[in-house]
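> How does the following fold in three dimensions:
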Amino acid sequence: MSPLHGPTLQFVSVLVTLVAAGVSLLTWYHHREGPGLRGWALAMLLGSAGTYLFGLREPDASFRFILIGDGLFVAGFATMWMSMRRFNDPSVTAELMGVIVATILILFAALFTLAWQVAPVARAQSIVFSLFVCILASLASWETWRGRQLDGLRSRPIAALALAGIAVARLVRAAMVSAQGIGMMEPEVGVIAQGYAQYFTTVCILVVTFGLVLMAHERFERQSAISTDAGRAAE
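Numbering: from 1, shown residues only. Below is the predicted model:
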């Protein structure tokens, strides 16, 4: 299996996340009552910035540069989770979302720094990063799926399964980095797998955005139908 072209992959990933952010904002513009859409757009922008910094990363990149790039990515997935929570519960305020995302980011920075100090050769910090993204994507997937019990939106499984796919990809990535650390896998194999994992994640991001847009439209149509029925009943 040949590796994917790195610069092209980075460009496509950044472009896709920017487009996803634009689509989310456009959907919010048409459905202002749809909570979580602006949060998702912000998550896409954070992920795009993290992906861009990853593309600039050199083999001898400094700890601070790597932490900022990975931190932006983690903040993006934390915002994804919180945006899904707000979609389910509009009472979740932007202030609460910010506090939770900041708390997650501080915890990630602390564990990332500890892993860098303890086992830099084994790339323990990369394992921490992948596990954080895995957990946050799993939480977002569960929140999306759980909301189906609240509103019964048929489009929810699309976004939930795509988020679960991202979680599985990051879990596999963490396992592969661990295998490289103990000499069970060649670094070249890990580099090839990382490229395909990023491609898979980019596709899943598109699918999740598509699912979120469908959810917003479906909720709007239901609310419009309820309003119409209520108006007819009042006549």
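> Can you say which helix or strand has residue 58 in it?
Under DSSP states H and E, no helix or strand contains residue 58.
> and it, how many neighbours?
Neighbour count of residue 58, defined by other C-beta atoms under 10 Å: 7. Any C-beta I mention is one placed from the backbone N, CA and C, and that applies to glycine too.
> same question, residue 182
8.
> After the helix or strand hosting residue 106, which helix or strand is next?
Taking DSSP H and E as the criterion, residue 106 maps to helix 94-118. Tracing the chain C-terminally past helix 94-118 and defining elements by DSSP H and E, one meets helix 124-146 next.
> and the worst-scoring helix or strand of the chain on mean pLDDT with helix 124-146, angle?
When the helices and strands of the chain are scored by mean pLDDT, DSSP states H and E, helix 187-234 comes last with a mean of 75. Counting by axes from the mean of the first three to the mean of the last three C-alpha atoms, to 10 degrees, helix 187-234 lies at 20 degrees to helix 124-146.
> who does helix 187-234 touch, helix- and strand-wise?
The contact analysis (3 or more C-beta pairs under 8 Å, 6 or more residues apart in numbering; DSSP states H and E) places helix 187-234 against helix 6-30, helix 37-56, helix 63-88, helix 156-181.
> ok so, going back, ok and the helix holding residue 106 relative to helix 37-56, angle-wise?
Using the same axes, to 10 degrees: helix 94-118 against helix 37-56 is 20 degrees.
> Buried residues of helix 94-118, list them for me.
Buried residues in helix 94-118, counted by 16 or more other C-beta atoms under 10 Å: 97, 100-101, 104-105, 108, 111-112, 115-116.
> That'll do, ta.
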